[in-house]
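Enquirer: Sequence and computational prediction follow.
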Amino acid sequence: MAFQFEIVTPEKIVFKDEVDEILVNTEQGQIGVLQNHVSLLTRLVPGELTIKKGPRTQHLAVSGGFLEVGDNKATILADYALRAEDIEVAKAQEAQKRAERAMKEKASEHDLRIAEAELQKAILELNVARKRRTIPK
């Protein structure tokens, strides 16, 4: 029993297919969405998104955004979403180091906010990659 699901970012449609279940992190905690789910609009927090279709399970790092559910369709609008297998660990580690250095420097408030966002993104990617792939800490 499936429903239509898609993940949309400003750059592209990251995922679009029929799925059996999604697990996503909201401000109120993790929720699961199945076919015939009650209509819902909620804000997401950065974290791992799990998509189940038959025997297959996929995992993505999602920056946050919004989830809308209704009429057997679920849509996530996010600034950023990346499949676990597409995460480039070396790049994420370098981004984490760069952001940490920028935060230690006496930067402007604007630069500090940018560094904090980059640090959160890098940590999210590394956490999802470590959880779903064999990667040293």
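Expert: Great, that's in hand.

Enquirer: can you list the domains in the chain?
Expert: 3-84, 88-132 (automatic domain parsing).

Enquirer: what's in contact with the worst-scoring helix or strand of the chain on mean pLDDT?
Expert: Every helix and strand of the chain was ranked by mean pLDDT, DSSP states H and E. The lowest is helix 109-132, at a mean of 83. Helix 109-132 is contacted by residues 46-48, 59-61, 63, 80, 82, 84-85, 87, 89, 92-93, 95-96, 98-100, 102-103, 107, 135, 137 when judged by CB atoms under 8 Å, 6 or more residues apart in numbering. Yep, even glycine has a C-beta here, placed from its N, CA and C like the rest.

Enquirer: what sits against the residue lying closest to Ala115 once chain neighbours are set aside?
Expert: Residue nearest to Ala115 in three dimensions, not counting chain neighbours: Ala102, with 3.8 Å by CB to CB, 6 or more residues apart in numbering. Residues near Ala102 by CB under 8 Å, 6+ apart: Asp111, Leu112, Ile114, Ala115, Glu118.

Enquirer: Over to Ile13?
Expert: Contacts of Ile13 by CB under 8 Å, 6+ apart are Glu6, Ile7.

Enquirer: how deep is the closest residue to Arg43 other than its chain neighbours tucked in, by neighbour count?
Expert: Of all residues beyond its chain neighbours, the one nearest Arg43 is Glu27 (5.2 Å), with distances taken as CB to CB, 6+ apart. By other CB atoms under 10 Å, the residues close to Glu27 number 9.
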